[in-house]
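K.L.:
What follows is a predicted structure for the sequence shown.
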Amino acid sequence: MTRSRTAAALAVAAVLPALLTGCAAAGRGARPAGTTAARAAAPSSDPASSSPTGSVSTGSVGTGSADGSATAGASGPATRDASAARPVRSPAKPVRVPAGVTAGYAVVDVTTGKTVAQRQAHHRFRSASVVKILIATDYLERHRGTIPARDMALLTPMLRGSDDDAATALWRRGGQGEIVRRMARRIGLTETAPPPAAKPGFWGYTAISAADIALVYRYLLRRAEPRVRDFVLGNLRKASQCARDGFDQFFGIPRAVPRPWAIKQGWSGYGAVPPVKCTRAKATSYRIGAVTISGNPVDFGRPVLHTTGVIGDRLIMVVLTLQPSGASFTQSAQRVTKLARDLYLSVA
């Protein structure tokens, strides 16, 4: 080898390690934030509360990873979520809560179990019809084998059409508040509690939080028996637009995000007659003011409007709200829908 070639070879050998190191570093830096390796390294702390200004923080609700069983079907023609294949990202900016509204929300990445958005996630609200998920899950876990036709005639309309009479029948047969206590112990719910002792039959006065309801969905996706998971989520995917009490329950998630989704909505404090009647209304509105449960007050006076569910195979979203006193159902639904839409866009 000539002297000039020897010198050139030595020069290449000197810079080669640096070049290789730079390539490796560039490869690591180019990996998307949502890849498995990056998610595995993500922190899993769960702050007890987030900024009162409405800023969005990250943490976790529950542990482990959920399965993808929420992807099957939806009522009516399904529109594919165009962002389903993309990793969930942390919100770039806070989500504004409308003036006069008290909101607690949590959004969980189904794959990692990481909470990608939350605000007042541990604030307690009265459940309204959201508790019907617990009523159905408790029933299915206590009853093995084929569901009798008379019970199917209660469970299905309760989940799809939010039938109050069906919920009352199952609530009484299940031991009323004992249903909530059993499910809280099984799932590990810390803010969920039965109705006040003076109102044991009022299942809608069950105390819940956004963090706890997110855990309920994660339980259904990851830990519940397939027959329980498939029955509950299968019916929530087929939720009807018009509830049995005549209210339009397609607010929040159903109007804010693309299908497929499985939803359970809740509303209370808007009287017995909906603004636009879909069916005969039979609901009665009760108001008893604020009650303190274990030091955490639950407001039973102001109207509530909740939207909760599983979106595609990517997200669990829970948005619980107290609306201004005297608010109309239509105005409340518009506020919740916008909040759900803004929240979805912030993480999608």
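P.N.:
Alright, I've got the coordinates.
K.L.:
From here on, just use CA atoms for contacts and neighbour counts.
P.N.:
Noted.
K.L.:
just the strands in the protein please.
P.N.:
59-60, 102-109, 114-119, 125-126, 207-208, 261-268, 290-293, 296-299, 304-311, 315-322 (DSSP state E).
K.L.:
out of the ones you listed, deepest packed?
P.N.:
strand 125-126 (a mean of 30; mean count of other Cα atoms under 10 Å).
K.L.:
What pairs with that one, parallel or antiparallel?
P.N.:
Under the criterion DSSP bridges, strand 125-126 sits next to strand 207-208 (antiparallel) in its sheet.
K.L.:
Can you give the contact residues for the strand it pairs with?
P.N.:
Residues outside strand 207-208 that contact it (Cα atoms under 8 Å, 6 or more residues apart in numbering) are Arg124, Phe125, Arg126, Ser127, Glu191, Thr192, Ala193, Pro194, Pro195, Val298.
K.L.:
go on, stretch 182-202?
P.N.:
Contact partners of stretch 182-202, identified using Cα under 8 Å, 6+ apart, comprise 122, 124, 134, 138, 168, 171-172, 176-178, 180-181, 203-209, 212, 215-216, 219, 291, 293.
K.L.:
Pull out the buried residues from those.
P.N.:
The neighbour-count criterion (16 or more other Cα atoms under 10 Å) marks 122, 124, 134, 138, 168, 171, 176-177, 180, 203-209, 212, 215-216, 219, 291, 293 among those as buried.
K.L.:
And the strands of the chain: which comes nearest His143?
P.N.:
Proximity to His143, assessed across the strands of the chain by Cα to Cα, is greatest for strand 261-268 (22.2 Å).
K.L.:
Without its sequence neighbours, what residue ends up closest to Val101?
P.N.:
Closest residue to Val101 apart from its sequence neighbours, by Cα to Cα, 6 or more residues apart in numbering: Gln323 at 5.0 Å.
K.L.:
which residues does the one you found contact?
P.N.:
Contacts of Gln323 were listed using Cα under 8 Å, 6+ apart, and they are Gly100, Val101, Thr102, Arg302, Pro303, Val304, Leu305, Ser332.
K.L.:
Now pLDDT too, for those, in CSV please.
P.N.:
Converted to CSV, these look like this (pLDDT from 0 to 100):
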residue, pLDDT
Gly100, 96
Val101, 97
Thr102, 97
Arg302, 93
Pro303, 95
Val304, 97
Leu305, 98
Ser332, 97
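K.L.:
nearest to Gln265, of those residues?
P.N.:
For those, the nearest to Gln265 is Leu305 (7.7 Å; Cα to Cα).
K.L.:
So that closest one sits against Tyr270, correct?
P.N.:
No - in this structure, Leu305 is not within contact of Tyr270 by Cα atoms under 8 Å, at 9.6 Å.
K.L.:
Gln241 reaches Ile263, doesn't it?
P.N.:
No - counting by Cα under 8 Å, Gln241 stays clear of Ile263, with 10.9 Å between them.
K.L.:
where do the helices sit along the protein?
P.N.:
Assigned by DSSP state H, the chain shows helices spanning 3-29, 36-40, 132-142, 149-160, 164-173, 177-187, 210-222, 226-236, 253-256, 329-347.
K.L.:
hey, which of these is tucked in deepest?
P.N.:
helix 210-222 (a mean of 25).
K.L.:
how near is the residue nearest to Ala239 when sequence neighbours are not counted to Ile311?
P.N.:
Nearest residue to Ala239, sequence neighbours excluded (Cα to Cα, 6+ apart): Arg160, at 4.1 Å. From Arg160 over to Ile311 the distance is 16 Å, taken as Cα to Cα, to the nearest Å.
K.L.:
What of Gly204?
P.N.:
24 Å.
K.L.:
Also Gln331?
P.N.:
Counting by Cα to Cα - Gln331 and Ile311 are separated by 24 Å.
K.L.:
what does Gly104 give?
P.N.:
For Gly104, the distance to Ile311 equals 18 Å [Cα to Cα].
K.L.:
and what of Leu189?
P.N.:
22 Å.
K.L.:
cool, Ala197 as well?
P.N.:
When Ala197 is compared with Ile311 (using Cα to Cα), they lie 35 Å apart.
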